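*Asks:* Okay, predicted coordinates and the sequence, questions at the end:
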Amino acid sequence: MTKTMKKLEIELDETTYDKIEQLTKTHHCQVSDLIKAMVEQLTQAEIMKDSLIGKWSNDAEVVDQMIAEILQNRT
């Protein structure tokens with residue numbers, strides 16, 4: 001069975017873009033891997049119950065920490 005891939009285009013501020021670029025280099029992965037890992041982490045039942053989810057959207061440090069933890073847990 002073949003997976004259908006979708007293309008997503010987003011616009012980011014330069015700071016966020018630079019952080020994503022650094023994360024891809026640090027963790028030797030692609031941007032799509034970061035997004036996939038973040039979505040998988042955020043859709044886990046115990047994460048969805050966490051009140052922090054609504055707070056992280058405006059806090060780049062929390063997002064960076066979350067992505068780093070997600071990528072650590074992938075290995």
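*Replies:* In hand now; what should we look at?
*Asks:* Can you classify residue 15 as helix, strand or coil?
*Replies:* helix (DSSP: H, G, I helix; E, B strand; the rest coil).
*Asks:* isn't it right up against residue 63?
*Replies:* No - taking contacts as CB atoms under 8 Å, residue 15 lies outside contact range of residue 63: 11.4 Å. Quick note: C-beta positions are derived from backbone N, CA and C, even for glycine.
*Asks:* Give me the buried stretch members for the helix or strand where residue 24 lies, please.
*Replies:* Residue 24 belongs to helix 14-27 when assigned by DSSP states H and E. Applying a neighbour-count criterion of 16 or more other CB atoms under 10 Å, one finds 19-20, 23-24, 27 buried in helix 14-27.
*Asks:* Excluding its own residues, what touches it? List them.
*Replies:* In this structure, residues lying in contact with helix 14-27 by CB atoms under 8 Å, 6 or more residues apart in numbering are 12, 29-31, 33-34, 60, 64, 67-68, 71.
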